[in-house]
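In: Could you look at this predicted model? Sequence included:
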Amino acid sequence: MPALWIAHVTVTDEDAYGRYAALAGPAIAKHGGHFIARAGRYVQLEGKDRPRNVVARFPSLEAAEACYHSPEYQEALSHARGASERELLVVETSE
């Protein structure tokens, strides 16, 4: 079943986070993921407000998890650590 990678982010260092974003996109694509929402308009109804919200669709939960643990994504993530506060989860869809 397909899965959604959902990130809620507050960027604290734009330059470093830009380096993360430049590397994360290709790593996500390499694992079959594609963005369906990226920093667009949103309405916070509950919980902690994070001004950057990203949703990527993967062919499976396993593909999304493999992407996260891949050397390419971990290299990207090294730029996001210390440059953002974030939550990331992967959820299987019912499709």
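Out: Now that the structure is in, tell me what you want to look at.

In: The helix ranked longest in the chain packs against which elements?
Out: The longest helix of the chain (DSSP state H) is helix 14-30. Applying 3 or more Cβ pairs under 8 Å, 6 or more residues apart in numbering; DSSP states H and E, we find helix 14-30 packed against strand 34-38, helix 61-69, helix 71-80. All C-beta spots, glycine's among them, are computed from the backbone N, C-alpha and C.

In: who touches the longest one?
Out: I take that to be helix 71-80. 16-17, 19-24, 26-28, 30-31, 67, 86 (Cβ atoms under 8 Å, 6 or more residues apart in numbering).

In: just the second one next, same as before
Out: Judged by Cβ under 8 Å, 6+ apart, the contacts made with helix 61-69 from elsewhere in the structure are 1, 3, 5, 27-28, 30-33, 56, 58, 73, 88, 90-92.

In: With the shortest one instead?
Out: Residues from elsewhere that reach strand 34-38, judged by Cβ under 8 Å, 6+ apart: 4, 25, 28, 53-57.

In: how about 6 Å then?
Out: 54-57 (Cβ atoms under 6 Å, 6 or more residues apart in numbering).

In: would you list these in TSV and tack on pLDDT?
Out: Listed next are the contacts of strand 34-38 as TSV, based on pLDDT from 0 to 100:
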residue	pLDDT
54	95
55	97
56	98
57	98
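
In: would JSON lines of the residues you listed with distance to residue 44, neighbour count and secondary structure be doable?
Out: Shown next, in JSON lines, are the contacts of strand 34-38 (distance: Cβ to Cβ, whole Å; neighbours: other Cβ atoms under 10 Å; DSSP: H, G, I helix; E, B strand; the rest coil):
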{"residue": "54", "distance to residue 44": "15", "neighbour count": "21", "secondary structure": "strand"}
{"residue": "55", "distance to residue 44": "15", "neighbour count": "13", "secondary structure": "strand"}
{"residue": "56", "distance to residue 44": "20", "neighbour count": "24", "secondary structure": "strand"}
{"residue": "57", "distance to residue 44": "22", "neighbour count": "18", "secondary structure": "strand"}
